[in-house]
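Chemist: Here you go, sequence then predicted model.
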Amino acid sequence: MASSFSHLVVFHSPTIINLLLSRNINMKTIVETSLESDVSPDAVWAVIRKVDGIDQILPQMVTQCSISEEVPSVGTQRYCTMQDGTQLEEEILILDDEAMRIQYSVYSDALPFKDMVNTGTVERLESGRTKITWKSEFRPEGLSADEAKEMLTGMLKQSIVGYESAAIQ
């Protein structure tokens with residue numbers, strides 16, 4: 001039986017791979033932070049799952065927020081205005097009630113983070129506590145990876161605390 005591929009070429013060059021790694025070319029930076037809480041995972045997930053209302057959960061960061069669908073689902077757009085006037089457009093990529101997981105892309109020419117994808121998870125721990133985790137993958141632009149990580153870690157921590165506080169109310 002004839003193969004549909006007449007040639008298979010495997011290109012492996014340690015020099016090129018090392019060059020790409022040393023210059024951080026096309027590699028995403030990852031920031032992840034978590035918080036354990038006594039608030040029930042269902043209550044936290046209910047707040048996150050709404051997708052809308054970020055301006056009330058994080059008023060110190062977001063002044064306005066709206067979504068494109070009344071009932072959020074994959075593909076829903078979220079539009080946010082930050083305190084400094086920066087406009088964000090986000091698209092829901094994953095909204096999984098069973099896994100209590102949300103993933104969304106973030107678009108804004110004003111941010112120093114490009115190709116950004118954020119993932120939030122809520123986990124029921126054996127201890128009865130709840131673990132809320134937020135992870136962001138992005139390419140820093142205009143600042144170093146370390147500066148970007150420091151900036152984003154603070155924002156992610158504020159987000160988690162905001163979700164936890166909103167779930168208590």
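Modeler: Structure's in. What do you need?

Chemist: Just list whatever residues bridge to the residue nearest the centre of the chain.
Modeler: In the chain, the C-alpha closest to the average C-alpha coordinate belongs to N118, at a distance of 1.0 Å (Cα atoms, centre = their mean). Counting by DSSP bridges, N118 forms beta bridges with Y104, S136.

Chemist: Quick one: residues contacting it.
Modeler: N118 makes contact with 103-106, 134-137, according to Cβ atoms under 8 Å, 6 or more residues apart in numbering. Every residue, glycine included, has its C-beta placed from N, CA and C.

Chemist: pull the helix or strand with minimum mean pLDDT from the chain.
Modeler: Taking mean pLDDT, DSSP states H and E as the measure, the chain has helix 14-23 as its least confident helix or strand, at a mean of 51.

Chemist: so where is this protein shaky, pLDDT-wise?
Modeler: Flagging of the chain using pLDDT under 70 yields the residue ranges 1-26.

Chemist: now the helices: where do they sit in this structure?
Modeler: Taking DSSP state H to define them, one finds helices in the chain at 14-23, 41-49, 54-57, 145-168.
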